[in-house]
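A.B. asks: pasting the sequence and the predicted coordinates here, then a few questions.
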Amino acid sequence: MHALIVFAHPDPQSLTHAVAARVAEGARAAGHSAELADLAAEGFDPRYGQADHDAYRELAPHPADVRAEQARIERAGALVLVYPVYWWSMPGLLKGWVDRVFSNNWAYATRDGRVVGQLQRLNVHLLALGGADRPSYIKHAYDVAMKTQIDHGVFDYCAACVASSTIRFDTQEPDGQAHLQAAFELGGGLFGKQAGCRAA
């Protein structure tokens with residue numbers, strides 16, 4: 001099985017980069033293949049422009065860079081998003097990737113006046129890295145808000161299965177070994193029974 005691990009952070013020395021790499025290592029150790037998609041290093045343009053809007057309105061095909069990202073996802077049995085929490089959500093670069101790539105007539109379609117998700121075969125794992133502690137998220141229900149907008153608002157909408165959705169708290173601490181170990185374990189279990197989704 002093949003996993004696509006998408007992450008967005010400008011600093012190659014960041015915990016986000018290290019965690020994404022450990023997810024890939026865990027997947028490979030379990031006998032799977034893994035591809036790392038470093039959106040910052042690759043220079044992905046997150047701006048939803050006229051070409052994207054024309055594709056949404058079915059006046060033009062999807063832009064080439066969007067189609068390339070969709071092809072990456074189509075090759076994968078599992079999609080893993082690894083990201084730092086910025087303002088209680090994902091970074092703008094990753095959000096722009098979602099805006100452009102999870103497009104009309106690919107991720108979903110409108111049929112007979114209703115929206116139909118088209119990513120039923122896709123198993124998704126969300127791994128957010130939060131600098132704040134767990135009580136801060138619980139006090140203001142930020143964790144619930146994130147699940148509502150990302151898990152449900154994006155992936156349920158597209159009929160993808162969110163196999164796991166985790167926020168790692170206190171990521172500003174000097175020793176990130178616990179986060180790295182959790183990432184390795186996530187990678188190793190992407191396609192196991194514990195993933196909780198349909199077979200890819």
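C.D. replies: In hand now; what should we look at?

A.B. asks: tell me the pLDDT of the closest residue to H32 other than its chain neighbours.
C.D. replies: Closest residue to H32 apart from its sequence neighbours, by C-beta to C-beta, 6 or more residues apart in numbering: M1 at 4.8 Å. C-betas here are computed from N, CA, C, even on glycine. M1 is assigned a predicted lDDT (pLDDT) of 93.

A.B. asks: low pLDDT regions in this structure?
C.D. replies: 174, 193-196, 198-200 (pLDDT under 70).

A.B. asks: residue contacts, the residue nearest to H32?
C.D. replies: For M1, the contact set (C-beta atoms under 8 Å, 6 or more residues apart in numbering) comprises 32-33, 77-78, 190-191, 200.

A.B. asks: which one (most neighbours) among the residues you listed?
C.D. replies: Counting neighbours by other C-beta atoms under 10 Å, L190 comes out on top of those with 29 neighbours.

A.B. asks: just checking, that one touches H125?
C.D. replies: Yes - counting by C-beta atoms under 8 Å, L190 does reach H125; the two are 6.5 Å apart.

A.B. asks: now do the shared contacts for these two.
C.D. replies: 78, 80, 163.

A.B. asks: pretty sure T171 sits against G131.
C.D. replies: Yes - with contact defined as C-beta under 8 Å, T171 counts as touching G131 (5.6 Å).

A.B. asks: find the nearest non-adjacent residue to D156, please.
C.D. replies: D156's closest residue in space is V162 (C-beta to C-beta, 6+ apart), at 7.1 Å.

A.B. asks: got the buried residues for the helix or strand that neighbour falls within?
C.D. replies: Using DSSP states H and E, V162 maps to strand 161-168. For strand 161-168, the neighbour count (16 or more other C-beta atoms under 10 Å) marks 161-165, 167-168 as buried.

A.B. asks: and the spatially most central residue of the chain, which of the three is it?
C.D. replies: The residue lying closest to the centre of the chain (C-alpha atoms, centre = their mean) is L81, at 2.6 Å. Of the three states, L81 takes strand under DSSP: H, G, I helix; E, B strand; the rest coil.
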